[in-house]
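pasting the structure only:
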Ligand SMILES: [Zn+2]
């Protein structure tokens, strides 16, 4: 998977669609009231991710849409269940955090294989 494959477009919607399109960050709200952001997990697991944009919610995120139509989500999104993806969305691009960077994942897989070979 190349990094350019993981770009998210921004969709401003009044209501959260039931079915989310991949590679789309939905910003749900009316006018200046933005309630939440929703997107399909970029790792490919297919899970829907919902981030509150309501200040004071625990946790809550801030979303900024740039002039080129891409969006930045702050802070990072970390799943505590399922795939445990952890990433930042910056200007529509997914930037993996910590060990989930593709290079690190590859290293982890190699290490797993090596360990399996050594321990039989
Ligand atoms: Zn995932």
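Structure received. This structure is a prediction, so every number in the text was calculated from the model and none was measured. Residues are numbered from 1 along each chain as shown.

near the ion, which residues of this protein show up?
Proximity of the chain to the ion (CB under 5 Å from the ion) is limited to residues 41, 43, 45, 83, 85. Backbone N, C-alpha and C define where each C-beta goes, glycine included.

For the first one, which non-adjacent residue is spatially closest?
Leaving aside its chain neighbours, residue 41 sits nearest to residue 47 (4.4 Å; criterion: CB to CB, 6 or more residues apart in numbering).

hang on, the earlier thing: turn the residues of the chain next to the ion into TSV, including secondary structure, pLDDT and distance to residue 27.
Below are the residues of the chain next to the ion laid out as TSV (DSSP: H, G, I helix; E, B strand; the rest coil; pLDDT from 0 to 100; distance: CB to CB, whole Å):
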residue	secondary structure	pLDDT	distance to residue 27
41	coil	96	17
43	coil	91	21
45	coil	94	22
83	coil	90	23
85	coil	89	20
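
Closest one to residue 70 out of these, please.
Within the residues of the chain next to the ion, the smallest distance to residue 70 is 18.5 Å, found for residue 41 (CB to CB).

still on that earlier bit, state the pLDDT value of the residue nearest to residue 41.
pLDDT for residue 47: 95.
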